[in-house]
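In: Quick one: sequence and predicted model below, then my questions.
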Amino acid sequence: MRRLFIPPTLAVIIFFLAFSCAEKQDFNQFDDLSITPTVASSLFYLESEEQHINAVGDLNNFYSQIVNFEAFNEQFVAENLLEGTITYEIENTTSKELSITIEFLDETGNVLDAQVFDVDPTPAPLFSLEVFYGPGGKNIDILTTTSALRISANNLGDSTSVSTLPEPKLILRSAGEFTFRLK
């Protein structure tokens, strides 16, 4: 008797499931989706001890390097970059007055943008600067066409003085935060 009851009950359940109050699924919602992730990354780090700065001599360049910057060399990435922020932090515990220049270069070596920092000797506070690219800031094309960064640092002081702090050095940190439109 129990066997006779299961098939009709199963038929009724299937009937109600088939005609229940379910909305038709809309798989076109992806077209309305907007995805804008923000990506953060360290860009470069420079550390130079006062002993090295003194060894180079007066009013000389103690650091110079060109760093490849191919973050936006893919066309899809460059075209979808909405905005970016580059943060610079400079800590100088040396007895030297310094000048640091960061130049953004295109493929042919032309300077697209430059940041120049005049750094006071110790006891200088930690220096921090945020540079905005995109709406309300510098032109976003500077970032998308940059293929290299040229970083140079000059000693504007003497080559004999030494800071009284333990392990005096210059530290330059930079990081970037970039927002993209993926969809």
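Out: That came through fine. Numbers count the residues shown, from 1 in each chain.
In: In the chain, what helix or strand scores lowest on average pLDDT?
Out: When each helix and strand of the chain is scored by mean pLDDT, DSSP states H and E, helix 2-18 comes last, with a mean of 64.
In: what helix or strand is Val77 on?
Out: helix 75-79 (DSSP states H and E).
In: can you check Ser42 too?
Out: strand 38-49.
In: State the next helix or strand along the chain beyond that strand.
Out: helix 50-56.
In: So which other helices or strands are in contact with the first helix or strand past that next one going along the chain?
Out: Using DSSP H and E, the helix or strand that follows helix 50-56 in sequence is strand 61-68. Where contact means 3 or more CB pairs under 8 Å, 6 or more residues apart in numbering; DSSP states H and E, strand 61-68 is packed against strand 38-49, helix 50-56, strand 148-155. Quick note: C-beta positions are derived from backbone N, CA and C, even for glycine.
In: May I have strand 61-68 as CSV, with CA atoms only?
Out: Provided in CSV are the C-alpha atoms of strand 61-68 (Å, rounded to 0.1, in the frame of the first residue of the first chain):
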residue,chain,number,x,y,z
ASN,A,61,76.0,62.7,-7.5
PHE,A,62,76.2,59.7,-5.1
TYR,A,63,73.3,57.7,-6.6
SER,A,64,72.0,57.4,-10.2
GLN,A,65,70.0,54.6,-11.7
ILE,A,66,67.4,54.0,-14.4
VAL,A,67,64.7,51.6,-13.4
ASN,A,68,62.4,49.9,-15.9
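In: could you give the angle of that strand to strand 38-49?
Out: Orientation note: strand 61-68 sits at an angle of 150 degrees relative to strand 38-49 (axes from the mean of the first three to the mean of the last three CA atoms, to 10 degrees).
In: Can you give me the buried ones in strand 61-68?
Out: Of all the residues in strand 61-68, those buried under the rule 16 or more other CB atoms under 10 Å are 62-63.
In: Could you measure from the residue nearest to Ser42 when sequence neighbours are not counted over to Ala40?
Out: Counting by CB to CB, 6 or more residues apart in numbering, Ser42 lies nearest to Ala175, which is 5.1 Å off, once chain neighbours are set aside. According to CB to CB, to the nearest Å, Ala175 stands 7 Å off from Ala40.
In: So which of the two has more stuff around it?
Out: Counted by other CB atoms under 10 Å, Ala175 and Ala40 do not tie: Ala175 has more neighbours, with 16 against 10.
In: so the more buried one is in which element?
Out: Using DSSP H and E, Ala175 falls in strand 169-180.
In: same check, this time on Leu143
Out: Secondary structure assigned from DSSP H and E places Leu143 in helix 141-145.
In: Do me a favour and get the end-to-end distance for stretch 120-137?
Out: Criterion CA to CA, to the nearest Å; first-to-last residue distance in stretch 120-137 is 27 Å.
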